[in-house]
Every structure is written in C-alpha cells, then in structure tokens.
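> Pasting the sequence and the predicted model now:
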Amino acid sequence: MNTMTIDNLKSIKADRKKFASITAYDFSFASLIDNAGIEVTLVGDSLGNVIQGHGTTLPVSVDEMAYHTANVARGITSSLVLSDMPFMSYSTVPAALENAAVLMQAGAQMVKLEGGEWLVETVYSLTQRGIPVCGHLGLTPQSVHKLSGFKVQGKESNAAEKMLAEAKMLEDAGADLLVVECVPSSLGKTLAETLEIPVIGIGAGPDTDAQVLVLQDILGISSRQPKFSKNYIEQASSIQDALTSYRQEVLSGAFPSKEHGF
Ligand code: KIV
C-alpha cells in the first residue's frame, strides 16, 4: 500500500503547507514522479488528449482508465494514486459505484468526478462504501461542449457564489479533495480558505492548497503550452530534475506566479 494518505494531505493543509500533483499515464513516468516525492499522482482523462491525440477527453473509456491506472500504480510506492472517472461513467449512482470499483481494483486510491450539486448523492454513495472522492469544479473538460469551449469559469459574482456553494456541498457529501480548474485567482483563494478539505488548483492562482499540472505541459512536449502551466524541462538536466523542481516550486510558493493566473 502506498504511504501517502488522505490524512497526510489534510495535515499538510492544517500546517499551512502545500503539496504537488501531476498527471501520469504509465509506469516509467509514474516511477519518476514518485521518486520526486510528488504527493498525488493523477491518472487524468487528459490521456484522451496527450496519449490518444483526441481534441477532448470525451472518447476515454473506463477500461482505458483502468489500464493506465494499473500501469501507473505499479510505478508508485509513496504518492497517492488518484484516477479520473471518464465521461458518462458516473451519470447515475449505480454506474458510478460499478465503474469506481473497476478503477479502485486497478490500483486507484481515490476517484475524481467533474461536477457540482448534481453529484452530491453520488459522492455520498461512493464515500459511504469506502471509495474516496475528489471533486472537480471550474472548467470541467468533460462538459466542454456545454460550456461552449475551454473557458475560465466563475468570473461573474453569481457564478463564483454558485461554485463556492457547490464546493461546500461536495465537502459535506464526503469528498476528501477538490480540484478547481481555470478560475480567477481570487476565487481559488476563497475556495481554499472556505473548505476544510485540500483544494488543488490548476489555473486557479497561487493560494490554493496544492497545484496540479499535466505532465506533457511541464515537459514542454504539448502542442500548446497553457497560460497556467510552466515548462520545467528548459531549466533542468533531466526529466527527474524537472519533476523535482516543479514540486519544490509548488511547496515554496514560487509556482504559480501572477502571470500563470486569471
Ligand atoms: O485529466 C486531467 O489531467 C485533469 C487535470 C487537468 C486536473 O483532470
């Protein structure tokens, strides 16, 4: 069993310290991430983009997530393995229970679901059965068509208030972590201050409890470098070195800087 636990992550927040997370999709990179001491390894459905070459995460299946989760888990000894539940795999409570079980049996220690209020019953049902849940609010890529594109969310005050209320609902339903993606830095700060559970930001400013990025972005091998990310390979002598610098900069607060925020 991996050594990083939910309690460890909550203690880091309670001590007003930070932790780092990065995506991984295979054994080799997972081993390097683990060696770098990165606290949470996310088997993201972003594999639809960076591994499979799709324009969105929508084509990714539960079987594909399970395959990549198993490969990543074999490379990990201490990081917490968090796996994305793919598009429509949690659209009903019974589907969520069945598909989350597949990912947990493949090696995940927690599953991540995109959405707010409509997921309250699902989060409760999963967590009551011993499956830890990470929420995901803000820009939720599985809803890209409904959102009319990959856009910053929560810019208007009513949208920010709704997101804050939904975050609280997810926490109350039993979520142990929350990812918040592409929101104004001020909202990232409010979310982290309001919730007791750790809030992991991506494009959510410097004041969330942790940061997550896509591996290919920090290694400079994505077709497009998002504004909220940083290429760590430029200043590194190896991939291992780049991963270590990323974690150090998150823990020290050097990353993200103002230019990475909205
Ligand atoms: O799939 C993924 O990589 C993610 C991150 C962008 C948070 O969900």
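Structure's in. What do you need?
> so where's this structure shaky on pLDDT?
Residues of the chain that meet the criterion pLDDT under 70 lie in 1.
> Please report how far Glu166 lies from Pro94.
23 Å (Cβ to Cβ, to the nearest Å). No exception for glycine: its C-beta is placed from N, CA and C like everyone else's.
> ok, these two, which is more surrounded?
Taking neighbours as other Cβ atoms under 10 Å, Glu166 and Pro94 compare with Glu166 leading, 19 against 10.
> Show me which residues of the stretch 101-250 of the chain are close to the ligand?
For the stretch 101-250 of the chain, the residues in contact with the ligand (Cβ under 6 Å from any ligand atom) are 179, 181, 202, 212, 214.
> How is the fourth one assigned, secondary-structure-wise?
Assigned by DSSP: H, G, I helix; E, B strand; the rest coil, the conformation of Val212 is strand.
> tell me, which helix in the protein spans the most residues?
helix 157-173 (DSSP state H).
> With only the CA atoms kept, save whichever helix or strand comes after that one in PDB.
Sequence-wise, the next helix or strand downstream of helix 157-173 (DSSP states H and E) is strand 177-181. C-alpha atoms of strand 177-181 as PDB (Å, rounded to 0.1, in the frame of the first residue of the first chain):
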ATOM      1  CA  LEU A 177     -10.200  16.700  -2.100                       C
ATOM      2  CA  LEU A 178     -11.300  19.200  -4.600                       C
ATOM      3  CA  VAL A 179      -9.700  20.100  -8.000                       C
ATOM      4  CA  VAL A 180     -10.600  23.600  -9.200                       C
ATOM      5  CA  GLU A 181      -9.600  24.400 -12.800                       C
END
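> Minimum distance to the ligand, which residue of the protein gives it?
Gly44 (2.4 Å; Cβ to the nearest ligand atom).
> May I ask you to confirm that that residue is in contact with Ile22?
No: using Cβ atoms under 8 Å as the test, Gly44 is too far from Ile22 to be in contact (9.3 Å).
> Overlap of the contact sets of those two?
Val214 (Cβ atoms under 8 Å, 6 or more residues apart in numbering).
> The protein: strands as residue ranges?
Per DSSP state E, the chain carries strands over the ranges 19-23, 40-43, 80-84, 110-114, 133-138, 177-181, 199-202, 210-213.
> Could you provide the ones you listed in a markdown table, with additional columns for mean neighbour count?
Shown next, in a markdown table, are the strands of the chain (neighbours: other Cβ atoms under 10 Å):
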| stretch | mean neighbour count |
| --- | --- |
| strand 19-23 | 26 |
| strand 40-43 | 28 |
| strand 80-84 | 28 |
| strand 110-114 | 24 |
| strand 133-138 | 26 |
| strand 177-181 | 26 |
| strand 199-202 | 29 |
| strand 210-213 | 25 |
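> and Lys146, which of the ones you listed is closest to it?
When those are compared by Cβ to Cβ, strand 110-114 sits nearest Lys146, at 11.1 Å.
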